[in-house]
Every structure is written in structure tokens, then in C-alpha cells.
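Q: Sequence plus the predicted model coming up.
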Amino acid sequence: MSKPATMRRMPLIAHVDVNCFYASAERSFDPSLEGKPVVVLSNNDGCAVTRSPEAKALGIPLGEPWFKLAPRAKEWGLVALSSNYELYGDISARVMELLGRYSAWLEVYSIDEAFLGVKGTPDELLALGRTMKTAVRRNVGVPVCVGIAATKTLAKLANKWAKNNPAFDGVCHWDSVAPADRESLMGRLSVIEIWGVATRLTKRLNVLGIHSILDLSRADPVMIRDRFSVVMMRTVLELQGTPCIPMEEERIGRDQLIFSRSFATSITTAAGMRQVLSVYGQQASARLAKHGLQAKVLTAFAGTSHFNPKDTSYPSVCVPLPMPTADPVLLTRAAHTLLPHISEGVRYARAGIMVTDLRPTGNQAPLALFENPHEERRVGTLLDDVTRRYGRGSIGLGHAGIRGGPDWTMKRDMLSPRYTTHWDELPLVKAA
DNA sequence: TGGGGTCCT
DNA sequence: AGGACCC
């Protein structure tokens, strides 16, 4: 199991993640939030995606719609904030940069999580975990926990344990815990707590009498592979201490890019849809150019609300592009082929485009957004058009479109300042 | 009452 | 293409 790995000083995996990241990021710049129940809302201020410990203590479930929370917010002293991705992205970069100093082998797994390859005696590993935790808290201002184990799956489990059991003080080295205690934990926890197992798989496992993590760790990997998949088999092996999920290189370029939003107010006209698709075409172009990529295929889609199960409609078109491109005009034109499938009067609650079959831009400069002056002119017109109609800030690349704007822009009524990335929104510090 | 992704079958 | 998962 994991013991030989430790004895042979095989590299282990440290999993580091920020406790309730969005809420912690907000707090690190607004100390008045300390000790208060805080929730951060999803796009469109739809539902609570992050809760501070105080908000959890109020019994607010993850994913609770804001419209249900709002009436009681005052009574609870609940603070709700719109997602401020610029702030979180910046805090994330600082955390990752700092972690990179403790291991050359860093995999940034998500905005608030990283895996690190680490080596050392159990004492050294525990010390390393504590050092990282303290450093991130002091230098970036957000709390993290650390789990260290032979595999990614166990490292994540150890991290979760560290978060839930104060005795660990935020750092759990799996192999340093008494086997009886580990078994007791795994016996108490449902398989749904494991990385890679969610509701569907949990149901199927339960049918086989596999309920706890301990049950799963004792299952026969081959049986699991036959009845489920190689993915689930890897999970079983990882629980047994055999690394099956490798550290990954930094991924350059995505397989696909999606631009999609639900609307604050539904779109009911082809003209409205045309504008939305134009914006997506723009955004896709900018992102492709930024990554030095071109797309061969574009899919455009729209859909009615699934909370309104009558008169549903989900039109979509898939457009092979004549040649790989990141050109805003060509992408927008392709996206507009959805328009004939749009029926006037139908209430579309969302729309989007997806570009796939991506490949690196050839010998053209990756950042040459507008190749020929003719097209540049037309793009300018497109931007001007929307801006004239809906006002400045309604459209644009990057973050230009988030304030105000037409009905279909994102609703972010409770946005905190972009403290770290915009000069006019820097926090003020008064020296006494 | 989110929006982006990936991998496997 | 669709179904599962992740954050």
C-alpha cells in the first residue's frame, strides 16, 4: 500500500486548496466581512456558490438561489457579493506563484487548488505543509489547508479531513495518521465524498453494497473496471495507495472554448439574438487570438428556460469553417447562421457559441487580431453599432461589458471593487 | 435559477 | 453524441 512508497522516499503529492476561496478572497480585501456570514453568488447573481463558515452555520445550502436568500438576508446579517472573477484570478495567481516556491513540480488544478510533488520524511512533510499554509495566509491573506499522501485521490481526501477536523490544524499527512483512524474515517464517509464519484456513480455503487469509502477501497479493481470504467478503477487503486492519476503538464490551448450566458431577461427577437451572437463572435475571436489558436468548427445554440417546461426549444447549428480562423467577422457570420432557427416570440433564456477543432495559428503572429484593414473596419462598425444602441460598456473585450448595459448582460448587482487590477478601484489605506 | 471544461464509452 | 465527472 502506501507504506513502501514512504519508505523508499517516493515522491508524494501535496494537495493545497483555499478554504471557501471566493469568500476568503473578498475578505482578504474587506476585513469588515470577517466573522460575518458571506455568500458569493454565481453569474447573474443566480445562486450561492461559496459560503463563509458563518454562512454554512446558518444552514445555507450550496447552490441556494439568491431569490430565496434575499428576503432573510437582513435578519441574518448576511452579506451577498457578485462573483468578481478578476479579483479571484489575481489572488489565485499570487497563491500559485507562492506555492511554486516550495516545489518545482506544481500542477495548478483549478482556480483555488494545486497539486505539488513533494518528498521528505513524515516530519519534514508536515513541516512543509505548515510552512506553506502560513506563508499563503501571511503573504496573500487567504486560508488554505494541505493534504499529503501517495496519490492525488488520497491527498484530496486528506485535505478534506484537515479542513473538517481542527485537530490537524489544517495539515494532514495521510501516512502519519494511525491506520485505525484512517479506516474509521473511510468507514464513516460515503463514496460520494471521493474525487470522481458523484450522485450517479454513488447510486450504482450502493446497489453493489458499496457505501463507504472503505468499502470502495476494498473492492476488486478488475470487477470495478468491468462494471464501471477504467476511471473508477483508477480511483480504487488510488485509494489503495497506487498512483494512477499522474501530475499533468501545464495545458496549453484548450480543446474547445464556450461562450454562453443565461439572460437577465429573455430574448424574444431575432434582432436581439443577432446582437448577442455578435458579441460571442467577438469574444471567441479575442480569446482564440490570445491563445494563438484558430478554430475549424463553430457551434451556435440557444435555449428556452428549463424552469419553464412548456414551449421548450433548443435550436443549434454546427458550422464547419472553410478554413481555420480566429477572425471576428467570419466567426460572427458563422454564429449568425443560427438566426433562421430562431422563432420570433419564443422566450430564449440563454444562448452561446462553442468553437472546436482548435489548432495553433500558423506562421501569422498570434496576436495579430485583425489581419486586414478591411476587416478591421467592419469590426469597428460592429462594436460601434452595439455601443451606440446600448451605451458604452455594454460590449467589449475582456471586462468592458460588465456594468450596466442591455438586458442580456450579466446581472452583478453586488460586485466588490477589483482591488488589485484596476487603478481606480485600489483599496485605500489610511495611515494613522 | 452557473458557466466553463475534460475524459470515456 | 451523450453521459459522467470536475471546479
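A: Cool, got the structure. Computed from a predicted structure; not experimentally measured.
Q: any idea how chain A splits into domains?
A: Residue ranges for the domains of chain A, per the TED database: A:19-151, A:178-240, A:256-390.
Q: so does the longest one get close to DNA strand B?
A: Yes - applying Cβ under 7 Å from any atom of the strand, one finds domain A:256-390 in contact with DNA strand B at A:256, A:257, A:258, A:259, A:260, A:261, A:262, A:287, A:307, A:350, A:352. No exception for glycine: its C-beta is placed from N, CA and C like everyone else's.
Q: And for the residue nearest to residue A:176 when sequence neighbours are not counted, the neighbour number?
A: Distances taken as Cβ to Cβ, 6 or more residues apart in numbering place residue A:122 nearest to residue A:176, at 4.7 Å, with adjacent residues excluded. Number of residues near residue A:122 (other Cβ atoms under 10 Å) recorded here: 14.
Q: shouldn't residue A:122 be in contact with residue A:173?
A: Yes - if you go by Cβ atoms under 8 Å, residue A:122 and residue A:173 touch, sitting 5.8 Å apart.
Q: low-confidence ranges in the stretch 301-432 of chain A?
A: For the stretch 301-432 of chain A, the stretches with pLDDT under 70 are A:363-410, A:422-424, A:426-432.
Q: which bits of it sit near DNA strand C?
A: Counting by Cβ under 7 Å from any atom of the strand, the positions of the stretch 301-432 of chain A adjacent to DNA strand C are residue A:318.
Q: Let me see the ranges of the helices in the stretch 301-432 of chain A.
A: For the stretch 301-432 of chain A, helices defined by DSSP state H, counting those that start in this stretch occupy the ranges A:328-335, A:373-390.
Q: what about burial for the residues of domain A:256-390 next to DNA strand B, which qualify?
A: Neighbour-count burial (16 or more other Cβ atoms under 10 Å) applied to the residues of domain A:256-390 next to DNA strand B gives A:257, A:259, A:261, A:262, A:287, A:350, A:352.
Q: List the ones among the residues you listed that fall in strands.
A: Residues of these located in strands (DSSP state E): A:257, A:259, A:261, A:262, A:350, A:352.
Q: Among the residues you listed, find me the one that's closest to residue A:68.
A: Nearest to residue A:68 among these is residue A:262, at 17.6 Å by Cβ to Cβ.
Q: Give the bridge partners for that closest one, please.
A: When assigned by DSSP bridges, residue A:262 has beta-bridge partners residue A:350.
Q: Please name the residues that touch residue A:35.
A: residue A:54 (Cβ atoms under 8 Å, 6 or more residues apart in numbering).
Q: Doesn't it lie inside a strand?
A: No - judged by DSSP: H, G, I helix; E, B strand; the rest coil, residue A:35 forms no part of a strand; its state is coil.
Q: And whichever residue of chain A sits closest to DNA strand B, its phi and psi?
A: Residue of chain A nearest DNA strand B, by Cβ to the nearest atom of the strand: residue A:46 (2.5 Å). Main-chain dihedrals, residue A:46, degrees, to the nearest 10: phi -80, psi -60.
Q: Tell me if residue A:237 really is in a helix.
A: Yes - assessed by three-state DSSP, residue A:237 belongs to a helix.
Q: where does it land on pLDDT?
A: pLDDT, residue A:237: 98.
Q: what about the residue nearest to it when sequence neighbours are not counted, neighbour count?
A: In this structure, residue A:237 finds its nearest non-sequential neighbour in residue A:244, 4.9 Å apart by Cβ to Cβ, 6+ apart. By the criterion of other Cβ under 10 Å, residue A:244 has 17 neighbours.
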